[in-house]
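Asks: the following block contains a protein sequence and its predicted model.
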Amino acid sequence: ELQVGQRWADGSRTGFLVGGTARNLGDLEGGDATGIQRETGYEETAADFKVEHWFDADSRLVLLHQRMSQDAVPRTHSTIFGQSYAGTTVGTDLQRDNFQDRYLTYLQYHQTNLGGPIDAMRLSVSWHEQSQTEDRITSSNAQRLSGFRVGTLGLFAQFESDLGQLCRLTYGIDYYRDDVDSFANNSTIQGPVADNASYDLFGVFVQDVVPLDERLELQIGVRYTYAKADADKVRDPLSGNAIALEKSWNEVTGSAHLRYELVPAHWNLYGGVSQAFRAPSLSDLSSFEVARSGEQEVATTDLEAEQYTGYEIGTKLREGAVQGQLAWFYTDIEDQIQRYPTGTTTPGGDPIVEKDNVGDGYVQGVEFQYAWEFVANTTLFGANTWQYGRVSNYNAAGTALEDDYTSRLMPFTTQVGLRWEDAEGRFYASTSVIRAEDADRLSSGDTRDTQRIPPGGTPGYTIWNVRAGWQVDERTNLELGFDNLTDVDYRVHGSGSNSPGMNFVIGMRTTF
């Protein structure tokens, strides 16, 4: 990565950044019992370019372009190269590789200290293009080529107005339009999603920060969202013929949060409530592809929007040698889009799943983080995370609604460690232990995902990591790390491959 800058005679400044990345990632080596996991490696290249011109201290223009390409990224768990872990099944595909490309270009203008009714503004126009092709060879040696291209035009304008002691308003509009083409060599209608399709998303928002007194602050906001899906070619799951799709949704959502300083600049208490609205995506409405462990997902064109209401309360502390944060959240779920089996299969014997707005329930959790410098330059740190949730869905027969776990619930996870650094901050060393308990609270969909989730759940694991760093001089830093020192064989819940075994990392950063 290279950064250069130029200061002009009129006082303006221009900065340039150009960078590139090339990775050749070999097959992943798991822990002591797993070894090399075949057909998990892939290649990736990326590049970016950015120009930022400051007209003065308060105004600047930014032009950015990014690109990224991934070559033959395998979905290993669904192929014969997948490895069984704690009883997981092995896929039957002979090959399932994805080729992905992504491009993003945007032009933004930023202005502060305008001095009028509008104090600051940020304007943006962007073009984002994504494409993906999947090359799949089934167990019968049939090739399935499918993919899509999405081009997204994005516009947003955000403004800020300082009304003195009353409040500070942030408001604006945003608009994004997806144009989608998809293909499949075994269908003249569509690929993974609808063909000749578009998706519009428009929003208007306003947020206000109001100081109620010296220690109490209120933040409130409201947003209007409009979404529309339009597609010329969708495969009807009943007739197999091409049908058209046109559907729209809109909603007004709001939020309100309070922050109270128990001890100014050291300890605060916060809480709030937020509404959320998610319109069905084009994938929700028209997906026709393999899901989870060999299920065939079909289009569901009459879906409604999902509704959420989130509550949270927490506290943050920074006092001398002690830092901490404790938070609880609870999210009420209504009309969540759920997959469920229809009881029918494809000619090849794969179970067919469809979707509906049947998910009503909740998810809640607690997060705790802490750090304590109990002796000079030595800090004990740690974190705990707990999550639990229930939501309704059809049972395995697809005939009756049942109360179920939310999918892929995070297991109770603990991290604890020590960090030391010298008084000058040039050297540091740290060690940490991460413990994840058994992930055995499974939804019906999790139990069907037999290639990624073992029967009864993903076993817990404990891993030990060590890190050290040295600031060689003002321009150069060196870092060393040993991850999973005991070479534990483990899998993160929901993953299709096992995580790395004992791993050595060396890195250096230098500037000039």
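Replies: Nice, thanks for sending it over.
Asks: residue 445 is in what secondary structure piece?
Replies: According to DSSP states H and E, residue 445 maps onto helix 444-448.
Asks: list the buried residues in that helix.
Replies: 444, 445, 446, 448 (16 or more other C-beta atoms under 10 Å). Where C-beta positions appear, they are placed from N, C-alpha and C, glycine not excepted.
Asks: give the bridge partners for the nearest residue to residue 469 once chain neighbours are set aside, please.
Replies: Spatial nearest neighbour of residue 469, chain neighbours left out: residue 479 (4.6 Å); criterion: C-beta to C-beta, 6 or more residues apart in numbering. Residue 479 has these beta-bridge partners by DSSP bridges: residue 469, residue 507.
Asks: and the contacts of the helix or strand residue 467 falls within?
Replies: Assigned by DSSP H and E, residue 467 belongs to strand 461-471. By C-beta atoms under 8 Å, 6 or more residues apart in numbering, the surrounding residues in contact with strand 461-471 are 425-436, 477-486, 488, 490-491.
Asks: which one of the buried residues of helix 444-448 is nearest residue 499?
Replies: Minimum distance to residue 499 across the buried residues of helix 444-448 is 18.7 Å, recorded for residue 446 (C-beta to C-beta).
Asks: my guess is that closest one contacts residue 404, does it?
Replies: No - judged on C-beta atoms under 8 Å, residue 446 makes no contact with residue 404 at a distance of 9.4 Å.
Asks: buried stuff in the strand or helix carrying residue 430?
Replies: Per DSSP H and E: residue 430 is located in strand 427-436. The neighbour-count check on strand 427-436 (16+ other C-beta under 10 Å) flags 428, 429, 430, 431, 432, 434, 436 as buried.
Asks: chain neighbours aside, what residue packs nearest to the first one?
Replies: So the one you mean is residue 428. residue 421 (3.9 Å).
Asks: just the pLDDT for that neighbour.
Replies: pLDDT, residue 421: 94.
Asks: ok, the buried residues of helix 444-448 vs residue 249, which is closest?
Replies: Of all these, the one sitting nearest residue 249 is residue 445; the distance, using C-beta to C-beta, is 24.5 Å.
Asks: hmm, residue 406 and the closest one touching each other?
Replies: No - contact criterion C-beta under 8 Å: residue 445 and residue 406 do not qualify, at 9.9 Å.
Asks: show me what contacts the nearest residue to residue 411 once chain neighbours are set aside?
Replies: Distance criterion C-beta to C-beta, 6+ apart; nearest residue to residue 411, sequence neighbours excluded, is residue 439 at 4.1 Å. With contact taken as C-beta under 8 Å, 6+ apart, residue 439 is in contact with 408, 409, 410, 411, 453, 457, 458, 460, 493.
Asks: ok, the nearest residue to residue 223 once chain neighbours are set aside - how many residues close by?
Replies: Spatial nearest neighbour of residue 223, chain neighbours left out: residue 205 (4.2 Å); criterion: C-beta to C-beta, 6+ apart. Using other C-beta atoms under 10 Å, residue 205 has 17 neighbouring residues.
Asks: now residue 205: how far from residue 111?
Replies: Counting by C-beta to C-beta, to the nearest Å, the separation of residue 205 from residue 111 is 19 Å.
Asks: and if you look at residue 482?
Replies: 48 Å.
Asks: which of these two has more neighbours?
Replies: Just comparing residue 482 and residue 111: by other C-beta under 10 Å the higher neighbour count belongs to residue 111, 18 against 15.
Asks: in this structure that one contacts residue 58, no?
Replies: Yes - between residue 111 and residue 58 a contact is recorded at 6.4 Å, counting by C-beta under 8 Å.
Asks: wait, isn't residue 234 in contact with residue 242?
Replies: Yes - with contact defined as C-beta under 8 Å, residue 234 and residue 242 form a contacting pair (6.9 Å).
Asks: quick revisit: who touches the residue nearest to residue 223 in this structure?
Replies: 171, 172, 173, 174, 221, 222, 223, 224.
Asks: are we agreed that it is in a strand?
Replies: Yes - according to DSSP: H, G, I helix; E, B strand; the rest coil, residue 205 belongs to a strand.
Asks: which pLDDT value belongs to it?
Replies: Residue 205 is given a pLDDT of 98.
Asks: which among the buried residues of helix 444-448 gets closest to residue 161?
Replies: Using C-beta to C-beta, those come closest to residue 161 at residue 445, 46.7 Å.
Asks: spatially nearest residue to that closest one (excluding sequence neighbours)?
Replies: residue 407 is the one closest to residue 445 (C-beta to C-beta, 6+ apart), at 5.4 Å.
Asks: ok, now how distant is that neighbour from residue 472?
Replies: 47 Å.
Asks: do the same with residue 40
Replies: 35 Å.
Asks: equivalent analysis for residue 376, please.
Replies: From residue 376 to residue 472 the distance is 24 Å (C-beta to C-beta).
Asks: so which of these two has more stuff around it?
Replies: Shown here are residue 376 and residue 472; by other C-beta under 10 Å, residue 472 has more neighbours (11 against 8).
Asks: thinking again about what came up before, of all the buried residues of strand 427-436, which two lie farthest apart?
Replies: For those, the maximum inter-member distance is 25.8 Å, found between 428 and 436 (C-beta to C-beta).
Asks: mind checking how far residue 163 is from residue 58?
Replies: 20 Å.
Asks: on that earlier part again, wait, doesn't the residue nearest to residue 445 sit right on residue 447?
Replies: No - assessed by C-beta under 8 Å, residue 407 is found out of contact with residue 447, at 10.4 Å.
Asks: and the lowest-mean-pLDDT helix or strand in the chain, what does it pack against?
Replies: Using mean pLDDT, DSSP states H and E, strand 289-291 stands out as the lowest-scoring helix or strand of the chain, at a mean of 86. Counting contacts by 3 or more C-beta pairs under 8 Å, 6 or more residues apart in numbering; DSSP states H and E, strand 289-291 packs against strand 295-297.
Asks: following the strand it packs on, which helix or strand shows up next?
Replies: For strand 295-297, the following helix or strand on the C-terminal side (DSSP H and E) is strand 306-319.
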